[in-house]
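Chemist: Give me the fold of what follows.
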Amino acid sequence: MEAHMEIRRATEGDISGIDRLLSEVLEVHHQGRPDLFKTGARKYTDDQLREIIKDDERPIFVAVDSDPAEGSDAILGYAFCVFQRHPHDNILTDITTLYIDDLCVDATSRGSHVGSSLYRYVVDFAKSAGCYNVTLNVWSCNPSAVAFYEHMGLVPQKIGMEHIL
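Modeler: Predicted coordinates:
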């Protein structure tokens, strides 16, 4: 599978595959925190996805299986990213960060290095865009994701804490 994998910017033709993976992510979050995440909901409408896909400040990258035998590109994973800047901020330095808002690999493709290839692609993209760093948030109820990001070399930047009342 990996031999035929290509990583590229998402297009409108990728929306159905992205929707499918967004549903997988939602279910992982719902299972881990049903008090916060609904089941069966949609993070974005197709119209919202179309707008994000067009927005150079919010690039989405997809890993696709471009095997011609498949007949069409199958979405193996995605990374939703957002450029963050704080120019003229009173306390923050003026750096550019590429924030990974969401990274998902299809459940059937896990273990095939799709996630690590996608992450490295995002890091290379961030470097070429002049970013200082790449950041993301990960839910503590998803220990496999925490382990993956640690394996990729990420370290905690800040820790979100809560007190449920």
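Chemist: By residue count, what's the longest strand in the chain?
Modeler: Identified as the longest strand of the chain according to DSSP state E is strand 74-85.
Chemist: Ala74 pairs with what?
Modeler: Asp65 (DSSP bridges).
Chemist: tell me the contacts of the residue positioned nearest the centre of the chain?
Modeler: Centrality entry for the chain: nearest residue to the mean C-alpha point is Leu103, 2.3 Å, by CA atoms, centre = their mean. Contacts for Leu103 (CB atoms under 8 Å, 6 or more residues apart in numbering) come out as 77-80, 115, 118-119, 122, 136. Any C-beta I mention is one placed from the backbone N, CA and C, and that applies to glycine too.
Chemist: Give me the buried entries from those.
Modeler: Buried positions within those, assessed by neighbour count (16 or more other CB atoms under 10 Å), are 77-80, 115, 118-119, 122, 136.
Chemist: Low-confidence stretches in the protein?
Modeler: Applying pLDDT under 70 to the chain flags residues 1-3, 68-73.
Chemist: does Leu103 count as helix, strand or coil?
Modeler: Here Leu103 is recorded as strand under DSSP: H, G, I helix; E, B strand; the rest coil.
Chemist: Report the separation between the residue nearest to Asp101 when sequence neighbours are not counted and Ile52.
Modeler: Counting by CB to CB, 6 or more residues apart in numbering, Asp101 lies nearest to Phe80, which is 4.3 Å off, once chain neighbours are set aside. In this view, Phe80 and Ile52 are 7 Å apart by CB to CB, to the nearest Å.
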